[in-house]
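A.B. asks: based on what follows, work out the 3D shape:
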Amino acid sequence: MLKKIPFKLSVNLMLGLLSATILFHLAVMTRFIPYTIVWGGRLENDEAMQLLESFSLFINIFLSILIMIKGGYLNIGVPMKLINIVLWIFVMLFSLNTFGNIFAATILEKLIFTPLTLITALLCARLAIEPEAQQLSD
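C.D. replies: Okay, here's the model as predicted:
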């Protein structure tokens, strides 16, 4: 089933979703968006928000770099087997996050982030089953 999703589409969708996610977390960190709507609505202070949002930014940037390597946009000599293992770890994390979002305290997380994390898990799985990087410059 996952092979039916075109690889190039998966790479580009993931990079788009991750870019939007990075912008979203920056908006939370700068308080443009209230932090009460993230982390299950359980953040209690600015310090906790800054710490968790910084962690989120790091993870999203890290995943973006992995996907750019997998998609052939970056060539920095990381073994593809390692990238595939890390992608499977992200599949598990996004799958767990999907279940966490179902039980979030805010309706926004339930309605918006539950399907987004599910889609992200599926796209990461699609990328992980591709044994090698593919050049997408066509």
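A.B. asks: okay, CA-based contacts and neighbour counts for the rest of this
C.D. replies: Noted.
A.B. asks: below-threshold pLDDT in this protein: ranges please.
C.D. replies: Within the chain, the stretches with pLDDT under 70 are 40, 133-138.
A.B. asks: now the helices for it?
C.D. replies: In the chain, the helices defined using DSSP state H lie at 7-29, 46-70, 80-102, 107-108, 114-128.
A.B. asks: most tightly surrounded among the ones you listed?
C.D. replies: helix 114-128 (a mean of 21; mean count of other Cα atoms under 10 Å).
A.B. asks: any idea how far it is from the middle of the chain?
C.D. replies: Centroid displacement of helix 114-128 relative to its chain, using Cα atoms, centre = their mean, to the nearest Å, is 8 Å.
A.B. asks: list of residues touching that helix?
C.D. replies: Contacts with helix 114-128, where a contact means Cα atoms under 8 Å, 6 or more residues apart in numbering, come from 2-3, 5, 7, 10-11, 14, 70, 83-85, 87-88, 90-95, 97-99, 101-102.
A.B. asks: how near is the closest residue in space to Ser95 that isn't next to it in sequence to Asp46?
C.D. replies: Spatially, and ignoring its direct neighbours in sequence, Ser95 is nearest to Ala121 (5.8 Å; Cα to Cα, 6 or more residues apart in numbering). When distance is defined by Cα to Cα, to the nearest Å, Ala121 is 29 Å away from Asp46.
A.B. asks: in a markdown table: the helices of the chain, plus distance to Ile37.
C.D. replies: Output for the helices of the chain, formatted as a markdown table (distance: least, Cα to Cα, whole Å):
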| stretch | distance to Ile37 |
| --- | --- |
| helix 7-29 | 9 |
| helix 46-70 | 11 |
| helix 80-102 | 11 |
| helix 107-108 | 7 |
| helix 114-128 | 13 |
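A.B. asks: Tyr35: which of those is closest?
C.D. replies: Across the helices of the chain, Tyr35 has its closest neighbour in helix 7-29 (5.7 Å, Cα to Cα).
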